[in-house]
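>>> Prediction below, plus the sequence it came from.
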Amino acid sequence: GVRGCGAVPAVGSSKAERPAGGCEGPHLSLQCAARIPEAGALLDLLEKCPEHQKKGGFPVVVFEGLDATGKTTVTQSVKDTLNGILLSSPPACISQWRTIFDDEPAPIKRAFYAAGNYILASEIAKASTQAPVIIDRYWHSTAAYTIATEINGKVQDLPPANDKVYQWPEDLLKPDLVLLLTVDPEERVQRLHRRGLEKTKEEAELEANSLFRQRVEESYRRMVNPACQEVDASPSKEEVLKTVLQLIKKHCAL
Ligand SMILES: Nc1ncnc2c1ncn2[C@@H]1O[C@H](COP(=O)(O)OP(=O)(O)OP(=O)(O)O)[C@@H](O)[C@H]1O
Ligand SMILES: Nc1ccn([C@@H]2O[C@H](COP(=O)(O)O)[C@@H](O)[C@H]2O)c(=O)n1
């Protein structure tokens, strides 16, 4: 069995909790490695990461949110202001395989992002002994997009608010603070267009499908332990930076 690879049917549960019959983890990993050579390399990297990584003494702050809500912009500024270390999910060491897994069926694609979070945890453990760590997406993104993809229809059709799919995995290093950036849909579309990068399939889906967008955001809001703290990211870049720095100072010992 491999950490993180059973994330689709068991979002939020730890490796140990996953039922053998319902767990796609080991099954998926063997299948993947035989068919996709990069899956073998990914699993090798994952196996090298020690389990139950511990955080260092510096704060670990995650930024979450839909595409184009301003995560890249604000994480860079926070990192510069705090002399921190900027990390992202999926981590740089596996990002060259991202397009390969993005084109795979949903369970394999999600397993890639889930495994990436466990590899990222090793980087967070090390970096947080040296400086404040600022992260662009982590587990909440993997969980929220998975839940919103697995469930069709309206927000009311999502699993109930206290369902265990919204729990943080027991065996994954926890951040000190998770900030969820939100902007109204019109502003977000304008930012997407202003940015002008090529859209991924999922970004196109997000833009076209307002119900999907609502399910992703609501899933973020339902995540617990740690929950996301919502930040209105509609104001100017300077205002947003000021707000998040205040929140970091309030919640983390710097
Ligand atoms: N507060 C803001 N006001 C106006 N424009 C902004 C603000 N923050 C970011 N932008 C602009 O919006 C666009 C998207 O921002 P950014 O790339 O930081 O979002 P993102 O959340 O990292 O997106 P993705 O998740 O797709 O990488 C960029 O062109 C950026 O300059
Ligand atoms: N921890 C993560 C990170 C990302 N994803 C998936 O990637 C898409 C967004 O990535 P950007 O680089 O454009 O911000 C997002 O749609 C997720 O599908 C993930 O699942 N888990």
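Looks like it arrived, so ask away. Ligands and ions are numbered 1, 2, ... in the order given.
>>> Could you verify my assumption that Pro90 touches Phe112?
Yes - Pro90 is within contact range of Phe112, at 7.2 Å (criterion: Cβ atoms under 8 Å). The C-beta positions use only the backbone N, C-alpha and C, and glycine is treated the same way.
>>> what's near enough to touch Ala33?
Counting by Cβ atoms under 8 Å, 6 or more residues apart in numbering, Ala33 touches Ala39, Gly40, Leu43.
>>> Identify the contacts common to Pro90 and Phe112.
Arg98.
>>> circling back to that earlier point, so which of the contacts of Ala33 is the closest to Ser128?
Nearest to Ser128 among the contacts of Ala33 is Leu43, at 25.3 Å by Cβ to Cβ.
>>> Now that we have the contacts of Ala33, can you turn them into a markdown table and tack on neighbour count, secondary structure and distance to ligand 1?
Shown next, in a markdown table, are the contacts of Ala33 (neighbours: other Cβ atoms under 10 Å; DSSP: H, G, I helix; E, B strand; the rest coil; distance: Cβ to the nearest ligand atom, whole Å):
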| residue | neighbour count | secondary structure | distance to ligand 1 |
| --- | --- | --- | --- |
| Ala39 | 25 | helix | 25 |
| Gly40 | 15 | helix | 28 |
| Leu43 | 18 | helix | 26 |
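>>> where along this protein do the strands fall?
Using DSSP state E, the strands of the chain run over 60-64, 85-88, 133-136, 177-182, 229-232.
>>> do the third one and ligand 1 meet?
When you say that, I think you mean strand 133-136. No - judged by Cβ under 6 Å from any ligand atom, strand 133-136 stays clear of ligand 1, getting no closer than 6.5 Å.
>>> Alpha carbons of that strand, as PDB, please.
Extracted C-alpha coordinates of strand 133-136, given in PDB (Å, rounded to 0.1, in the frame of the first residue of the first chain):
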ATOM      1  CA  VAL A 133       6.700  28.100   4.800                       C
ATOM      2  CA  ILE A 134       4.100  29.500   2.400                       C
ATOM      3  CA  ILE A 135       2.300  26.900   0.200                       C
ATOM      4  CA  ASP A 136       0.300  27.300  -2.900                       C
END
